[in-house]
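Chemist: give me the fold of what follows.
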Amino acid sequence: MSVAGVDRALAALACLAGLLGVALSAAAAHIPGADSLKTAAQFLLFHAPAILALIGFGTAGLARTGLARTASGLLVLGLILFCGDLSVRTWLQRPLFPMAAPTGGVVLLGGWLVGILCALVPARRTV
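Modeler: This is a model prediction of the structure:
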């Protein structure tokens, strides 16, 4: 996959996170006691614009693209594990796999830490 293709894929995954966040919010409103779905929806909706911003900063040359892609990828993976586990637990009454949500949470924290580096490490300037 090309460099631009990776950015487009991450942007598409961010938009998918937003879509799923809206869908889970709606589902949670109609399912009594679906607090886990509400949490998953919030996480998806909070992280979707962050992923888009990171990719935008990288492609605009405001941040190192590698750091922006790494942070974005970690956020996507963390969302899959964390929100996926909360959703599967709600609907199937079993975990995605043991420790999926905590692992996803740690991966999300890692994504935000790399995001800090993305903001602090200057982008390479071409002469």
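Chemist: and the pLDDT for L16?
Modeler: Per-residue pLDDT puts L16 at 98.
Chemist: for the helix or strand containing G21, buried residues please.
Modeler: Assigned by DSSP states H and E, G21 falls within helix 3-30. Residues of helix 3-30 classed as buried: 6-7, 9-11, 13-14, 17-18, 20-21, 24-25, 27-28 (neighbour count, 16 or more other Cβ atoms under 10 Å). To be clear about C-beta, it is placed using only N, CA and C from the backbone, and glycine gets the same treatment.
Chemist: next helix or strand past it?
Modeler: helix 35-59.
Chemist: could you give the angle of that next one to helix 3-30?
Modeler: Interaxial angle, helix 35-59 versus helix 3-30 (axes from the mean of the first three to the mean of the last three Cα atoms, to 10 degrees): 160 degrees.
Chemist: about what we covered before: chain center to the helix holding G21: distance?
Modeler: 8 Å (Cα atoms, centre = their mean, to the nearest Å).
Chemist: so what does that helix touch, helix or strand wise?
Modeler: For helix 3-30, the elements it packs on are helix 35-59, helix 65-92, judged by 3 or more Cβ pairs under 8 Å, 6 or more residues apart in numbering; DSSP states H and E.
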